[in-house]
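> Sequence and predicted structure below; questions after.
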Amino acid sequence: MSNLPELSKSEHDVLNVLWARDQMSVREVHDLLATDGSRAYTTTKTVMDRMLQKQLLQRENFHGVFVYRAAISRPRGLARLVHNFARRVLEVDNVSAVSLFSGSKKISKAELAELEALLQKLDDEESASQ
């Protein structure tokens, strides 16, 4: 399922902030991510610009300030990561991996259902290509 992104850790970090807060400026995202001072503002800006080009983020001008929001849902962002983790690390099928999320308060039932559907599609595509 080529339309599921492979996210870097930095991209996933940015998306986590935006999934939780809806829309924010680069400065606001940076301030939440760089609480220990380990990341430069320009690094956050570069990551977010790259994500905009990859269509992972949307940007709009709000009174002279660009604000960003996630262009993909949390399940779409997690699907490839969960799939790879299930296969390569846990050596289990996607259904078993999804069950790990069932007790989580961070992912809603609707998001869990979307994640499960995306992972099923990945399984179907892999089976068809073999």
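Thanks, I have it. Numbers count the residues shown, from 1 in each chain.
> so the residue nearest to the spatial centre of the chain, which of the three states?
In the chain, the C-alpha nearest the mean C-alpha coordinate belongs to Gly77, at 3.2 Å (C-alpha atoms, centre = their mean). Assigned by DSSP: H, G, I helix; E, B strand; the rest coil, the conformation of Gly77 is helix.
> what's the neighbour count on the residue lying closest to it once chain neighbours are set aside?
Leaving out its chain neighbours, the residue that sits closest to Gly77 by C-beta to C-beta, 6 or more residues apart in numbering is Leu15, at 5.3 Å. C-beta coordinates here come from the backbone N, C-alpha and C atoms, glycine included. As a burial measure, Leu15 scores 24 neighbours (other C-beta atoms under 10 Å).
> How about the one 5 residues further on?
Other residues near Ala20 come to 12 when the count uses other C-beta under 10 Å.
> Am I right that it sits in a helix?
Yes - if the criterion is three-state DSSP, then Ala20 is within a helix.
> Please report the distance of it from Asp93.
Going from Ala20 to Asp93 by C-beta to C-beta, to the nearest Å gives 29 Å.
> contacting residues around Leu78?
Contact analysis of Leu78 by C-beta atoms under 8 Å, 6 or more residues apart in numbering lists Leu115.
> try 10 Å this time
The neighbours of Leu78, taking C-beta atoms under 10 Å, 6 or more residues apart in numbering as the test, are 4, 7, 12, 15, 19, 72, 85, 98, 101, 107, 111, 114-115, 118-119.
> Narrow these to those that are buried.
Those of the contacts of Leu78 that meet the buried threshold are 4, 7, 15, 19, 72, 98, 101, 107, 111, 114-115, 118-119, by 16 or more other C-beta atoms under 10 Å.
> can I get the residues you listed in a markdown table with distance to Arg59, pLDDT and secondary structure?
Shown next, in a markdown table, are the buried ones among the contacts of Leu78 (distance: C-beta to C-beta, whole Å; pLDDT from 0 to 100; DSSP: H, G, I helix; E, B strand; the rest coil):
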| residue | distance to Arg59 | pLDDT | secondary structure |
| --- | --- | --- | --- |
| Leu4 | 22 | 77 | coil |
| Leu7 | 18 | 91 | coil |
| Leu15 | 14 | 96 | helix |
| Trp19 | 16 | 95 | helix |
| Ile72 | 14 | 95 | coil |
| Val98 | 32 | 81 | helix |
| Phe101 | 30 | 80 | coil |
| Ile107 | 26 | 85 | coil |
| Glu111 | 24 | 89 | helix |
| Glu114 | 24 | 90 | helix |
| Leu115 | 26 | 89 | helix |
| Leu118 | 25 | 89 | helix |
| Leu119 | 29 | 87 | helix |
